Each structure stands twice: as C-alpha cells, then as structure tokens.
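Enquirer: Have a look at this fold, sequence not included:
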C-alpha cells in the first residue's frame, strides 16, 4: 500500500486513503444505497483521486464486499458478549436497537446487488449464518430444546424487523421482540427457564404464554 | 391514450403499449432490480419508442409506482378469499409460497428506492398495511384475543421470510410458518382454537406449545 497519496484537493494524504474510501462508502451506501452511489461521488467524499481509489479496490464490487466485511466483523459483540445478562436476556437484547437504526446493510446489499454469486452477497450470507450461529449458541446456553431451530427463527425475526422498519418507515423491532419472547418461552422447558436473574416477570407482555 | 402507436421495430401497435411497458417492467424489475433497469432497456423489451413510453409514464418513478399498484391489487386473494379453509388454515396458507418465489416486490422497492416519500415507497407502505389488515381480519375470525397484534406479527414474519430467502438464497418460508404456528396457537384461546376442521393435529411440528 503506498505510504503517501494525494486526493484531488491535495489536502489529505498518507495511507488513510483506503480508510477514507471505506468511511465514505459506509456513509453513502447507508444514506442513499449502493446502486445510487457512484465511484465519482465516493472519491469526492473520500477526497481521493479515482486512480488512488482503483489502486485500493479493483472495482466497486470489491469495495462493496470490503464495506460489508468491515461493518460488524465480531457479529454483534455488544449483544452476545455481554456478561451481565442471562442467555435469555441476551437473546432478547438482539432486538433492542435504537429506533433510527438503518436497514441492515447485509440485507440491503443482498437486495440491491441482485446476484447471489456477488462477493458481497456471499459475505452477506456468511454474516447471516454467523448471526444465526451466535443465536443458536446462546439458545443452547438458555436451555432450548432445539437450539438450532430457535437460533434460525430468531435470526429470521431480526431480518423481518429490519426490513419491515424500512418498508413501513416505522420501528418494527418491538413487534419482533414480542414474537421472540413467545418462541423463546416455547422453546425452553420450564425447568431450564426459571434460573437466577431470569427476567420473565418484567419483560413478558400480554402475548406471553399463560402456562 | 393514443389508439395506434408503433414501437421501434414497427411490429406491435395499438393501445397495448402501456401494457407492454408494464409487462417489461415486471420482468426486468424482478430479474435484475429497479435501479439496474433503465428506460432504454425497458423500451427495447416492450418494443416501444422512448417517446411512447414517456407518453404513458412521465418518469421511471411513475412507472415503478404503477408496477407496484398492478402487482397484487386484491392483496393475496388466493390466500384470504379461500372458502375451503378455516381462518387458522388461511393464516398459515399465507406462508405457503413456491420455493422459487422472488423477493416481495414491495420490499425490493422500499429497499432500492431508499426514499420513504417516493410514490412507490408510499404504495409499498399501503400494501404492507393492507396485508396486515387482512391477516388481522382473519385472526379475528380465528378467535384471536388481540387480532391486530397477531396480524402485525404475522405480517412481519412474511416479510422476514421473504428477505431472508433472498439473503440466504434458500427458502425461509418454512421457518416463518413454524413461528406462525406457535404465535397463532399462543394468541387464540384453546376454546376458540378447537373448531371443526381445525388442523392443529396435522400441521403442528415439534416446536408447538405443549399445553
């Protein structure tokens, strides 16, 4: 990677060019979409020349894939690595996003790119599999009878909440969390569910099972 | 609308131009996405001149909105108007799509257009509200304690299945249907649920509530 590079304005330089391109892509892909963002605009916002951009990324496709790889490499550590929550609480914490959270970038890429063989679509698939795996591991800790099934179900709920928030232009995570509470209770035998620190008393809504 | 029009090849004419443009949009938007489909290609596939296309649709935005309005104006009549099914069976039938069903076009438009004020995004919102309303009406017939809540929850599951099928490149409707069976059983008091023709015996999987 070149040590010194100049953007069109000559104001910034150094090996930060790659980071600036990735930063610009994160902002522009989120705010206006992947297909509506061209390399010209990306270079202008990143303050790099197109020549420099293509030294770092041979194509926009490669940039899109790297943008996704950078987005959440640890797979929701703020949810799954919390030691202050019970496993069941961690499963529900996956639905606690700020209301203004944009559409999941992996879903957005899969929809926008429209090609399951695109490197970014492949990465989106890997990421979604990784989320389901973390949910499955947590469901196992929580004592679920069939943790793989619960993990996949919760992963689908997260994706449903994300895309429905976009289409309705209204936060749908509370709806998904209410479903999650029901299927978690349904999947965990009563003996495993009642553990110290269990939050069933405080989080259950009117839709909770009556058993 | 002009009675006679010629496409670039002069092979087709008549007031079918509008229909051919809409037919071409349905095919191209589904197969390659909205943003990746330009008016030039739409006109070529529809065999109309650009002049003719712009006589029918003042902009591509207007065409996209009309494409969505035409897609399912009756809101899943093949599910909700079936008289051979119980209400509970109709709720579950909403998840029985052929595995090759493409991503829901209303979700695709909301993601691709990236603008909640776009006429097509507004229509997508209306459509999603209409689906939830039909699910709610059916949930009420099925005896749900809170039919609005169940309707919104099932609508989210359908959207989740659709977008997850895209991102995983694998049919996710069975996963959503399994969740639907759980929340339907949870939302309908046992006395209402056990009605003639009830299918609980045959469709319940291992994840069904044990009550």
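Expert: That came through, no problem. Because the structure is a prediction, the values reported are computed rather than measured. Residues are numbered from 1 along each chain as shown, chains lettered A, B, ... in the order given.
Enquirer: closest point of chain A to chain B, which residue?
Expert: residue A:160 (2.3 Å; Cβ to the nearest Cβ). Bear in mind the C-beta positions are built from the backbone N, C-alpha and C, glycine included.
Enquirer: how about residue A:145, secondary structure?
Expert: At residue A:145 the chain is in coil, as set by DSSP: H, G, I helix; E, B strand; the rest coil.
Enquirer: measure it to residue A:95 for me?
Expert: Separation of residue A:145 from residue A:95 (Cβ to Cβ, to the nearest Å): 21 Å.
Enquirer: quick one: which of these two has more around it?
Expert: Taking other Cβ atoms under 10 Å in any protein chain shown, residue A:145 and residue A:95 do not tie; residue A:95 has more neighbours (21 against 14).
Enquirer: helix/strand/coil for that one?
Expert: Strictly by three-state DSSP, residue A:95 counts as coil.
Enquirer: Which residue, neighbours along the chain excluded, lies closest to it?
Expert: Of all residues not flanking residue A:95 in the chain, residue A:177 sits nearest, at 3.8 Å (Cβ to Cβ, 6 or more residues apart in numbering or on different chains).
Enquirer: Just give me the residue right at the centre of chain A.
Expert: residue A:104 (5.1 Å; Cα atoms, centre = their mean).
Enquirer: show me the contacts for the nearest residue to it once chain neighbours are set aside.
Expert: Nearest in space to residue A:104, with sequence neighbours left out and distances taken as Cβ to Cβ, 6+ apart, is residue A:162 at 4.3 Å. If a contact means Cβ atoms under 8 Å, 6 or more residues apart in numbering or on different chains, then residue A:162 has A:101, A:103, A:104, A:107, A:172, B:163 as its contacts.
Enquirer: how many other residues sit next to the second one?
Expert: Look at residue A:103: counted by other Cβ under 10 Å, it has 19 neighbours.
Enquirer: Tell me the pLDDT of the residue nearest to it when sequence neighbours are not counted.
Expert: Leaving out its chain neighbours, the residue that sits closest to residue A:103 by Cβ to Cβ, 6+ apart is residue A:166, at 4.5 Å. Among the per-residue scores, residue A:166 holds a pLDDT of 97.
Enquirer: just the one 4 residues further on next, same as before
Expert: pLDDT for residue A:170: 96.
Enquirer: Could you list the domains of chain A?
Expert: Domain segmentation of chain A under automatic domain parsing yields A:5-69, A:77-192.
Enquirer: looking at these, which is buried most?
Expert: Across the domains of chain A, the average number of neighbours (mean count of other Cβ atoms under 10 Å in any protein chain shown) peaks for domain A:77-192, which reaches a mean of 20.
Enquirer: Give me the distance between that domain and the centre of its chain.
Expert: 9 Å (Cα atoms, centre = their mean, to the nearest Å).
Enquirer: what ranges do the helices span in chain A?
Expert: Listed in chain order, the helices of chain A (DSSP state H) span A:17-32, A:39-46, A:50-56, A:60-71, A:77-80, A:87-93, A:105-113, A:119-141, A:147-168, A:173-187, A:190-193, A:200-203.
Enquirer: rank those by mean pLDDT and give me the bottom one.
Expert: Among the helices of chain A, helix A:200-203 scores lowest, with a mean of 42.
Enquirer: picking up where we left off before, TSV for the helices of chain A, including distance to residue B:119?
Expert: As requested, these are arranged in TSV below (distance: least, Cβ to Cβ, whole Å):
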stretch	distance to residue B:119
helix A:17-32	18
helix A:39-46	25
helix A:50-56	35
helix A:60-71	28
helix A:77-80	37
helix A:87-93	37
helix A:105-113	19
helix A:119-141	29
helix A:147-168	14
helix A:173-187	26
helix A:190-193	48
helix A:200-203	40
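Enquirer: For residue B:185, find the nearest of those.
Expert: helix A:173-187 (8.9 Å; Cβ to Cβ).
Enquirer: Run the angle between that closest one and helix A:147-168 for me.
Expert: Here helix A:173-187 runs at an angle of 160 degrees relative to helix A:147-168 (axes from the mean of the first three to the mean of the last three Cα atoms, to 10 degrees).
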